[in-house]
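In: The amino acid sequence is not available; the structure is as follows:
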């Protein structure tokens, strides 16, 4: 198996883990563990993947992260496209598996119970407007990718990067689940929306556009020299793997 194939397999599997545990916690245990438990499920899944698969692909698990890496000069665009394809595939397969399992419960209805899809508006959780949802997703993704880029730079303690990133994602969920269900990840949103359809699919645009904008903004910040030259050497990718 080629090095690129290993990276893409790791990205697909890692994104599968993220969606399976994160969205699965909402589908199967949401009433028991509440929003705090769901937040921790998303964050801990990132920690698990970062330390198990991060050495292979960097564990981006998120198109917004991969595009942020491109904007920061840490990844070529042609490789990012492969990562994004693998991430989307992993999220779709994970959502399909969740649907199959959930359908084993006689009272389950995908239309009524969903698959942990994102949303906004009067009929979704806190009833926040499309404007509020867009601002939250853009800002939250910017902060998330900023933490990722900062935690994985050469001057940072690499052994703690996965923990810092996972806890940041958990904190973002603690703030935003009631607003949008928290995406900050187009692949995570696309997977469930494809199966739920309807409103989830109609609103998907926001969970693609806003995270991408936030990720690109964070990458541009680092590309503009926000960190010093000593902290951001030219061979940073080799010196410190990107983990997300």
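Out: In hand now; what should we look at? Predicted model only: the values in this text are computed from it and were never measured.

In: Spell out the secondary structure type for the residue of the chain positioned farthest from its centre.
Out: Distance from the centre of the chain peaks at residue 106, with 30.8 Å (Cα atoms, centre = their mean). Recorded secondary structure, residue 106: coil (DSSP: H, G, I helix; E, B strand; the rest coil).

In: Next one: it from residue 160, what distance?
Out: In this view, residue 106 and residue 160 are 45 Å apart by Cβ to Cβ, to the nearest Å. Where you see a C-beta, it was placed from the backbone N, CA and C, and this is true even at glycine.

In: what do you get for residue 91?
Out: In terms of Cβ to Cβ, residue 91 sits 27 Å off from residue 160.

In: got it, and residue 92?
Out: 32 Å.

In: Which of the two has more residues huddled nearby?
Out: residue 92 (21 against 11; other Cβ atoms under 10 Å).

In: residues in contact with that one?
Out: 190, 191, 194 (Cβ atoms under 8 Å, 6 or more residues apart in numbering).

In: repeat that with 7 Å
Out: 191, 194 (Cβ atoms under 7 Å, 6 or more residues apart in numbering).

In: Which elements pack onto the lengthiest helix in the chain?
Out: If you go by DSSP state H, the chain has its longest helix at helix 3-57. Applying 3 or more Cβ pairs under 7 Å, 6 or more residues apart in numbering; DSSP states H and E, we find helix 3-57 packed against helix 77-102, helix 161-180, helix 186-196.

In: Low-confidence stretches in the chain?
Out: 227-244 (pLDDT under 70).

In: Find the residue at the geometric middle of it.
Out: Closest-to-mean residue, the chain, Cα atoms, centre = their mean: residue 185 / 3.8 Å.

In: Nearest spatial neighbour of that residue, chain-adjacent residues omitted?
Out: Once flanking residues are discounted, residue 185 sits nearest to residue 62: 4.2 Å by Cβ to Cβ, 6 or more residues apart in numbering.
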